[in-house]
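Asker: Turn this into a structure:
(4 chains)
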Protein chains: 2
Amino acid sequence: MTRSAEISTRIVQAVLARQIEPGSRLGEQQLADLFDCSRTIVREALTNLAARGIVTVSARRGWFVAEPSRDDTREAFEARLVIETGLIRSTRSVDKAAVKRLRAHIDQQKNAIKSDDIALRSFLLGDFHVCLAECLGNGTLAEILRDLTARTTLAARRYQTLEDATRSHEEHTEVVEALAAGNIAAAERLVSGHLSTWQDKLHIPAEDSDAVDRLRRALKPMPVEARNLHTRPLGQTDQKRQRLRSRSGGAS
Amino acid sequence: MTRSAEISTRIVQAVLARQIEPGSRLGEQQLADLFDCSRTIVREALTNLAARGIVTVSARRGWFVAEPSRDDTREAFEARLVIETGLIRSTRSVDKAAVKRLRAHIDQQKNAIKSDDIALRSFLLGDFHVCLAECLGNGTLAEILRDLTARTTLAARRYQTLEDATRSHEEHTEVVEALAAGNIAAAERLVSGHLSTWQDKLHIPAEDSDAVDRLRRALKPMPVEARNLHTRPLGQTDQKRQRLRSRSGGAS
DNA sequence: TATACCAATCTTGTATACAAATAGACGACG
DNA sequence: CGTCGTCTATTTGTATACAAGATTGGTATA
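Answerer: A predicted model of the protein is given here:
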């Protein structure tokens, strides 16, 4: 179990760090090579992630990082709101050690932001909520929250939300200070606002987005090496190809 | 996946129906024979259940149905309280179809109680909470709640709580009727009370129970056929053996 | 008689072999 | 020139073989 746990942990971290896009293919042999083990272990890890809703499996087609639908996204945000505010609400007080740990976490966030370590920054901003749940005395909900946070992170990537790291960090600070001051009600309000504003920033297509979305994905730029393997169609100049590529939304 | 999903689903159902005790051993080959498949599939199912906290794995020793510790139990109940009350609180109104479905579920509960189908009764009383979450529009939390309910069911068995089916059924009815009447606040209060009273009924040993508990489990009656396979020790009468069996807490 | 050691058996952990299905490429045909 | 069909190669799904560890029962010895 320890071997496959390593793999699943790393994948979750990569998701939280925004290093893996929703819809990415996770080939079994590919991962097996990467982690120097057999497909058996990889499948164990992927099965675990599938149970946690972070990965989906399409029969005989492969494993893919989850692409939360609109409903999935709404549910994940609602779940986080319910759990995080409910956990704070049911708290009487927060002990010294917990406050210390939370402040240390916030310091780490600040450092990651300052040093422009985008991956670490994203990871920490998400992990903070898990840490908060643990400090409030419920490891079970912390685990659940980790998976839900991974899902909302994927949703944020899918719906192209820009991360406002500085603001998130500020809001996290306010929450911790409210808790440290024993102002539970304020902390609950702050968390609620923090999550709501983030959710509101999502650009979720209004209607029947799946067709549009599928199309956008189909028009995604293919890997450079694959692109160069194809003969350029007659009469199509470099300029035209360049324009097509830009339109399809690929990184230039 | 469909093959292993069958197995994990059945095991969860058996847990909710109180047909499997916490700590039960789940041998791989045993399950493979039972479901007529290879150990590969069984391991896939068990891995899934382990990710959901319903089964634990002890390296090289085997798979066991979870035995929630005191902390696990507290956390699971708190999690259910937070999620169920929070979900109701964030509800504006419940539509007709949902009310109909909930009332139908309550009818099923009544029938199971009336016909003394203890397994079905237990399952439905637990499943009601999952159904409620679904009807409140959050399938994600419903899934999470299913696993948490399984854990609290295991805790209830471990800490020898008697199920008061009639009372649970009554309280479920009150919740649904409050929701149907649009009295959200009352519904939240009722759910809170329902969960709290159930949790309060647990007989959780105060201190260092693990040693005592392990012993009690060790002294549990073995299956009748195994008992009869052993030669009766010299000088031990039937009466003495009978007394030992009663003391060990087994069903007489 | 009790304890400690040892061996046999059973169970799990991992890798691999093989089957099945899908995706992609190539070629034929309208 | 476009479309359809087939064939090949890659990838997943499942079973099984083999190795390593753990438990259990027996035996020998103090």
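Asker: Skipping adjacent residues, who's closest to the residue of chain A found nearest DNA strand C in space?
Answerer: Ranked by C-beta to the nearest atom of the strand, the top residue of chain A for proximity to DNA strand C is residue A:38, at 3.1 Å. In short, each C-beta sits where N, CA and C put it, glycine included. What sits nearest to residue A:38 in space, not counting adjacent residues and going by C-beta to C-beta, 6 or more residues apart in numbering or on different chains, is residue A:32, at 6.0 Å.
Asker: Report the secondary structure state of that neighbour.
Answerer: helix (DSSP: H, G, I helix; E, B strand; the rest coil).
Asker: which residues touch it?
Answerer: Counting by C-beta atoms under 8 Å, 6 or more residues apart in numbering or on different chains, residue A:32 touches A:38-39, A:41-42.
Asker: hey, where'd the strands end up in the stretch 1-150 of chain A?
Answerer: Secondary structure of the stretch 1-150 of chain A (DSSP state E, counting those that start in this stretch): strands at A:25-26, A:55-58, A:62-65.
Asker: Contacts (any at all) between DNA strand C and the first one?
Answerer: No. Judged by C-beta under 7 Å from any atom of the strand, strand A:25-26 and DNA strand C are separated, with a smallest distance of 10.4 Å.
Asker: thought residue A:46 was touching residue A:57?
Answerer: Yes. Applying C-beta atoms under 8 Å, one finds residue A:46 in contact with residue A:57, separated by 7.1 Å.
Asker: where in chain A is pLDDT low?
Answerer: Residue ranges of chain A with pLDDT under 70: A:206-252.
Asker: what helix or strand is the residue nearest to the spatial centre of it on?
Answerer: Centroid-nearest residue in chain A: residue A:153, 2.5 Å away (criterion: C-alpha atoms, centre = their mean). Here residue A:153, judged by DSSP states H and E, is contained in helix A:139-158.
Asker: What residues sit buried inside that helix?
Answerer: Of all the residues in helix A:139-158, those buried under the rule 16 or more other C-beta atoms under 10 Å in any protein chain shown are A:140-158.
Asker: again with stretch A:66-85
Answerer: Quick answer for stretch A:66-85 (16+ other C-beta under 10 Å): A:66-68, A:70, A:72-85.
Asker: Report the backbone C-alpha coordinates of that stretch in PDB.
Answerer: Included here for stretch A:66-85 are C-alpha records, laid out as PDB according to Å, rounded to 0.1, in the frame of the first residue of the first chain:
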ATOM      1  CA  ALA A  66     -11.500  14.600 -13.400                       C
ATOM      2  CA  GLU A  67     -13.200  17.400 -15.300                       C
ATOM      3  CA  PRO A  68     -15.800  18.600 -12.900                       C
ATOM      4  CA  SER A  69     -19.100  19.400 -14.700                       C
ATOM      5  CA  ARG A  70     -21.100  22.500 -13.700                       C
ATOM      6  CA  ASP A  71     -23.100  20.400 -11.200                       C
ATOM      7  CA  ASP A  72     -20.000  18.700  -9.800                       C
ATOM      8  CA  THR A  73     -18.500  22.200  -9.300                       C
ATOM      9  CA  ARG A  74     -21.600  23.600  -7.600                       C
ATOM     10  CA  GLU A  75     -21.800  20.600  -5.400                       C
ATOM     11  CA  ALA A  76     -18.100  20.700  -4.500                       C
ATOM     12  CA  PHE A  77     -18.300  24.300  -3.500                       C
ATOM     13  CA  GLU A  78     -21.500  23.800  -1.600                       C
ATOM     14  CA  ALA A  79     -19.900  20.900   0.200                       C
ATOM     15  CA  ARG A  80     -16.900  22.900   1.200                       C
ATOM     16  CA  LEU A  81     -19.100  25.800   2.400                       C
ATOM     17  CA  VAL A  82     -21.200  23.500   4.500                       C
ATOM     18  CA  ILE A  83     -18.300  21.600   6.000                       C
ATOM     19  CA  GLU A  84     -15.900  24.500   6.700                       C
ATOM     20  CA  THR A  85     -18.500  26.900   8.100                       C
END
